[in-house]
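Asks: no FASTA, just this:
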């Protein structure tokens, strides 16, 4: 977590000429000596930010799918005990509560991250 606003952070982006990552504060690429104008800089940073955002949203969607899968497995384990433990004549699934709780936690975490990133538009 950083206390600096995004405007004050030094950002990097790939040089449009040689594709080496360079700082947003320089005016000339240190690898190929190409001139970096403010328009090129802003477009490259916006493209890089959009790509990172798309990857983050995809990861959140994948986490949501895994959370739903764990929740479903936990509910199935609750309804049809796969691994049962017998204790004083009572049979219960030892995997269902942790799977359900873990699945719900992952679902909530991924939904919060997804909606937080979607609101940044």
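Replies: That came through fine. Given the structure is predicted, the values throughout are model-derived calculations rather than measurements. Numbers count the residues shown, from 1 in each chain.
Asks: average pLDDT for stretch 76-86?
Replies: When pLDDT is averaged along stretch 76-86, the result is 64.
Asks: can you check stretch 109-120 too?
Replies: 88.
Asks: could you pull out the strands for the protein?
Replies: 12-14, 21-23, 84-87, 90-93 (DSSP state E).
Asks: got the buried residues for the second one?
Replies: When you say that, I think you mean strand 21-23. Using 16 or more other CB atoms under 10 Å as the test for burial, strand 21-23 gives residue 22. Backbone N, C-alpha and C define where each C-beta goes, glycine included.
Asks: that one pairs with which strands?
Replies: Applying DSSP bridges, strand 21-23 is found paired with strand 12-14 (antiparallel).
Asks: most centrally placed residue in the protein?
Replies: residue 56 (3.7 Å; CA atoms, centre = their mean).
Asks: surely that one is in contact with residue 116?
Replies: No - counting by CB atoms under 8 Å, residue 56 does not reach residue 116; the two are 9.9 Å apart.
Asks: re earlier: list the contacts for the residue nearest to the centre of the chain?
Replies: By CB atoms under 8 Å, 6 or more residues apart in numbering, residue 56 lies in contact with 113, 117.
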